[in-house]
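Undergrad: sequence first, then the predicted structure, then my questions.
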Protein chains: 2
Amino acid sequence: MSERAASVAVVAVGDELLEGDHADTNSSAIARAVLEVGRSANRFLALRDDEELLAREIAELARSHGVVIVTGGLGPTLDDVTRHAVARAAGVPLVVSEEAREHVTGWFARAGRPMAASNERQALVPRGADVIANPRGTAPGFRISLGESTLFALPGPPREMSGMLEDAVLPWLAEHPVDEWARCARSFFLFDLAESVFADRVGAWMERSANPLIAVTAKAGVLSVRLVSRGSSLEEAESKLAERAAEFRARFAAHVFSEEFPDLAHALGRLLLDREITISLAESCTGGMIAAALTRVSGISAVFRESFVTYSNESKIERLGVPAELVRGHGAVSTEVAAAMASGAARASGARLTLAVTGIAGPTGGTPEKPVGTLCYATVLDGVIETHERRFTPAGRDAVREWATSLGLGLLWSRVRPRSV
Amino acid sequence: MSERAASVAVVAVGDELLEGDHADTNSSAIARAVLEVGRSANRFLALRDDEELLAREIAELARSHGVVIVTGGLGPTLDDVTRHAVARAAGVPLVVSEEAREHVTGWFARAGRPMAASNERQALVPRGADVIANPRGTAPGFRISLGESTLFALPGPPREMSGMLEDAVLPWLAEHPVDEWARCARSFFLFDLAESVFADRVGAWMERSANPLIAVTAKAGVLSVRLVSRGSSLEEAESKLAERAAEFRARFAAHVFSEEFPDLAHALGRLLLDREITISLAESCTGGMIAAALTRVSGISAVFRESFVTYSNESKIERLGVPAELVRGHGAVSTEVAAAMASGAARASGARLTLAVTGIAGPTGGTPEKPVGTLCYATVLDGVIETHERRFTPAGRDAVREWATSLGLGLLWSRVRPRSV
């Protein structure tokens, strides 16, 4: 296996990047993705919209990297120079691609908008390039050989870029392995399983030599698990992956909340809508963050009733009917008060499912018994209460609140998740 | 003025960047900042922790850029190779800096933590370098000449990096102008002033030839205004800036919510705490986002009572006493219902200040009269109601909700902001 062949250079193009208008998130997204198909990003470069400089740098990068991925500079205006620069680096002229032209005209037709003359420019590609479709925008991308290197040009908007990366770049890379292996990958997102317990339960699947290989990262109660499969052909890799994924699903069904993205609010929202379970919340330390996360889900108003953001003790007592003596006796941060809050929210709102959270976000307010990072939860589903106390090692007020939000969403998901049969 | 001298290259160092663990936000922050001192970022480069490669690239960049700023790789472990690579590029040995050593040992002493032997490594700098203090972390930075170029090495954590950029790098660049001008800058953040009205009111101050120059950007009801002053010396630039800043403050006092950062929640929270004004909220389309933003402010529990996240019509009626016929007659998204919600929240909570928001976040639910992006607000301060209706051109559900949150915080700030005498 050649180190050069496995090495990926990522180039982001655009004056707006070099003027700091926004950070380049495309390069890191590409870096994560190519790892899974056996490649390794070794250089990110960001340059201004300068055709000559860009052509020189691209030619140079192609000599030392098996793959060069360029993002940005594919728009319709004169300062969009990527296609010209790549043509120059490849030593070929730009030609009108009928496929690209149809893509651009079709996009405007579907959007019901008139196409400007300048968009004609987006039908140009370096001669010999293969067009990459962009279902999410006007700019098609392309793939072209530069000596022993392969260059991909993708548009800059992250949503368009990542779609084309998944749809076209990663499959091509998986089919053109740098070693004897083709690769493909699949993700699972799990809640309510400690990383160590997970490791015990997957056992030999996690060995470095295993195929598929398992990579796992943990964040705020969510495990992100990636299975990466190798085979002598893509078919073989995919078949091994499908088999292991089925085993994985069977073993961890109770914990997997998504195979798409690590968004607990979205998974919970879909479940509540599918099962028509009404929900209300009672939030103290999260100050409305759980409601804010859940109401991001489009259509959630069909099941989401309300949230009582009861920050003060008085509001817990008056709004949710928490007995004042419970607050005095156990403190506002206690599973007893959380249970009374959740029950009160259920009673007041009539929702089938409620969650209450109360905790110490810090930086002040901690005690030896209840340090900053102490979180008390209660959930009520059809009258049945469950309580949980968790302690989060504090890393600042924002971090405690984010963790508390994630955990709250996860506990709700746990109450309504599909049970294995 | 030499183009090379004005040109800045930014290098981010670290395997974690090239593996996509997180996006590099330092480079764009540096790019924005150097613009104000008359420099221009022309190249971002991200590389792995490879001393030899890094040394070669740094030497190369120093030949074509007046300033090279390197972030990351200044930690205590063996894979932190920035100081070694810079020494190699400069052709000088690493030496122990007493200043750096005191910085590192002092940091651990202040933090009350034992210092590991590996942290001794952080006392090393290339011979001839000037140490840059890092009040927020263990790793000191340094500045060194590389031929005609000046290199700054700063740690990777953004909070540490940006502090040292402000405290040491920008002042040094302002004192070493590439043209006849020294430069310095100051920011103002304004609410409730249209960009066009602002432009009319500043008039000639906004001309391209003005000194100080004014740059303005608008986002979700907030204007970010940057004054950049030039002078034949830094003293002269600072004196001009102080004069214009005082005029600016006098003219726009009623709109300036911060001279530090564009964070309305923080500005509002400080005002409420200073003036001891209690607050409660009633949120519909923002689903708790305004409460979540305001409760980020540490200590806010002294004045923040509660938020009623009344997503359903029933909860608006039951929780806030909004008359059912008002909802039927005007629709839930109306200033009439917003006013009833805000009054209801004031009545129920006893807070002096309340805000209610109801709107159509989309993607569905819009009508010709009330399209997606319609937002109705009411604020009550000591019994006095004000209502506002705003229409936001929709750019997706998340964008409408973010704008609605920002506007809500701003309207609250407007009710309690200090009035000019």
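TA: Nice, I can see it.
Undergrad: remind me which residues of the stretch 1-150 of chain A are low pLDDT?
TA: Applying pLDDT under 70 to the stretch 1-150 of chain A flags the ranges A:1-2.
Undergrad: which parts of it sit against chain B?
TA: Residues of the stretch 1-150 of chain A lying close to chain B (C-beta under 8 Å from any C-beta of the partner chain) are A:12, A:17-25, A:27-33, A:35, A:40-48. All C-beta atoms are positioned from the backbone trio N, CA, C, and that covers glycine.
Undergrad: immediately after the helix or strand hosting A:V68, which helix or strand?
TA: A:V68 belongs to strand A:67-71 when elements are defined using DSSP states H and E. Downstream of strand A:67-71, the first helix or strand assigned by DSSP H and E is helix A:82-90.
Undergrad: mind listing what the nearest residue to A:P323 once chain neighbours are set aside touches?
TA: Once flanking residues are discounted, A:P323 sits nearest to A:A340: 6.6 Å by C-beta to C-beta, 6 or more residues apart in numbering or on different chains. Shown in contact with A:A340 (C-beta atoms under 8 Å, 6 or more residues apart in numbering or on different chains): A:L320, A:G321, A:V322, A:P323, A:L326.
Undergrad: next up, phi/psi of A:A340, please.
TA: phi -70, psi -40 (degrees, to the nearest 10).
Undergrad: neighbours of A:P212, how many?
TA: A:P212 sits with 23 neighbouring residues when counted by other C-beta atoms under 10 Å in any protein chain shown.
Undergrad: no, scratch that, I was asking about A:V131
TA: Neighbour count of A:V131, defined by other C-beta under 10 Å: 19.
Undergrad: pretty sure it sits against A:F152.
TA: No. Shown here, A:V131 and A:F152 do not form a contact pair, counting by C-beta atoms under 8 Å, at 11.6 Å.
Undergrad: overlap in contacts, those two.
TA: Listed contacts common to A:V131 and A:F152 are A:G141, A:F142; contacts here mean C-beta under 8 Å, 6+ apart.
Undergrad: my guess is A:I30 contacts A:V11. True?
TA: No. In this structure A:I30 lies outside contact range of A:V11 using C-beta under 8 Å: 10.3 Å.
Undergrad: more neighbours: the two, which one.
TA: More crowded of A:I30 and A:V11, by other C-beta under 10 Å: A:I30, with 27 against 24.
Undergrad: follow-up on the earlier one: and the buried ones among the residues of the stretch 1-150 of chain A next to chain B, selectable in PyMOL?
TA: Here is the PyMOL selection string for the buried members of the residues of the stretch 1-150 of chain A next to chain B, based on 16 or more other C-beta atoms under 10 Å in any protein chain shown:
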select buried, chain A and resi 12+17+18+19+20+23+24+25+27+28+29+30+31+33+35+40+41+42+43+44+45+46+47+48
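Undergrad: tell me who's in contact with A:T71.
TA: A:V10, A:V11, A:A12, A:V13, A:N26, A:S27, A:I30, A:L154, A:P155, A:G156, A:M161.
Undergrad: just list whatever residues bridge to it.
TA: A:A12, A:L154 (DSSP bridges).
Undergrad: go on, A:R391?
TA: Bridge pairing for A:R391 - DSSP bridges - gives A:T374.
Undergrad: for the stretch 301-421 of chain A, give me the ranges with low pLDDT.
TA: The stretch 301-421 of chain A contains residues with pLDDT under 70 at A:394-395, A:420-421.
Undergrad: which residues in it form helices?
TA: Using DSSP state H, counting those that start in this stretch, the helices of the stretch 301-421 of chain A run over A:313-320, A:324-330, A:335-349, A:397-416.
Undergrad: host element of the closest residue to A:R136 other than its chain neighbours?
TA: Nearest residue to A:R136, sequence neighbours excluded (C-beta to C-beta, 6+ apart): A:E160, at 4.5 Å. Assessed by DSSP H and E, A:E160 sits inside helix A:158-164.
Undergrad: output the contacting helices and strands for the following helix or strand past that helix.
TA: Along the chain past helix A:158-164, the next helix or strand (assigned with DSSP H and E) turns out to be helix A:170-175. Helix A:170-175 sits against helix A:26-35, strand A:182-191, helix A:234-252, with contacts defined as 3 or more C-beta pairs under 8 Å, 6 or more residues apart in numbering or on different chains; DSSP states H and E.
Undergrad: ok, which of these comes nearest B:R186?
TA: Among the helices and strands packed on helix A:170-175, the nearest to B:R186 by C-beta to C-beta is helix A:26-35 (32.5 Å).
Undergrad: ok, then the element right after the closest one?
TA: Next along the chain from helix A:26-35, counting by DSSP H and E, comes strand A:40-47.
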